[in-house]
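Chemist: Sharing a model that was predicted from the sequence below.
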Amino acid sequence: MTNLFDDSPPPCPVCSDPGSRPLIFGVPSDEMAVAARLGDIALGGVADDVSAQWMCSVEQCGFRF
Ligand SMILES: [Zn+2]
């Protein structure tokens, strides 16, 4: 499977987890919904804070930055 995103994620500023996911806002396409299910991206929904670009993949953290 091809990775949709080439950027390597920055580590989470809160817990230092390196596996941050790109945070995508708006109504997801089918492709984006699949990527989110696979954990490649995080869906921000039709959002509040669109300045965040990444979401920590650690469930207990979930920090958006
Ligand atoms: Zn984190």
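Modeler: That came through, no problem.
Chemist: Any idea which helix or strand in this protein has the lowest mean pLDDT?
Modeler: Least confident helix or strand, the chain: strand 42-45 with a mean of 88, by mean pLDDT, DSSP states H and E.
Chemist: Average pLDDT for the next helix-or-strand element following it, rounded please.
Modeler: Reading on from strand 42-45 to the C-terminus, the next helix or strand found by DSSP states H and E is strand 54-55. For strand 54-55, the mean pLDDT works out to 94.
Chemist: and the chain, which residues reach the ion?
Modeler: Selection of the chain residues close to the ion by Cβ under 5 Å from the ion yields Cys12, Val14, Cys15, Asp17, Cys56, Val58, Cys61, Phe63. For glycine as for every other residue, the C-beta is placed from the backbone atoms N, C-alpha and C.
Chemist: if we can go back for a sec, would you mind listing the outside residues contacting the least confident helix or strand of the chain?
Modeler: With contact meaning Cβ atoms under 8 Å, 6 or more residues apart in numbering, strand 42-45 is reached by 21-25, 28, 32-33, 36, 50, 52, 55, 57, 64.
Chemist: can I get those residues in TSV with distance to Ala42 and neighbour count?
Modeler: Shown next, in TSV, are the contacts of strand 42-45 (distance: Cβ to Cβ, whole Å; neighbours: other Cβ atoms under 10 Å):
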residue	distance to Ala42	neighbour count
Arg21	4	18
Pro22	7	16
Leu23	5	20
Ile24	7	21
Phe25	10	15
Pro28	11	16
Met32	10	16
Ala33	12	13
Ala36	7	15
Val50	13	11
Ala52	10	15
Met55	4	22
Ser57	8	17
Arg64	8	18
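Chemist: In what element of secondary structure is Met32 found?
Modeler: helix 30-37.
Chemist: Selection in PyMOL covering whichever of the residues of the chain next to the ion are buried, please.
Modeler: Of these, the buried ones can be selected in PyMOL as follows, counting by 16 or more other Cβ atoms under 10 Å:
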select buried, resi 12+56
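Chemist: Now tabulate the residues of the chain next to the ion in CSV and tack on distance to Gly45 and secondary structure.
Modeler: Below are these laid out as CSV (distance: Cβ to Cβ, whole Å; DSSP: H, G, I helix; E, B strand; the rest coil):
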residue, distance to Gly45, secondary structure
Cys12, 20, coil
Val14, 21, coil
Cys15, 22, coil
Asp17, 22, coil
Cys56, 17, coil
Val58, 19, coil
Cys61, 18, coil
Phe63, 16, coil
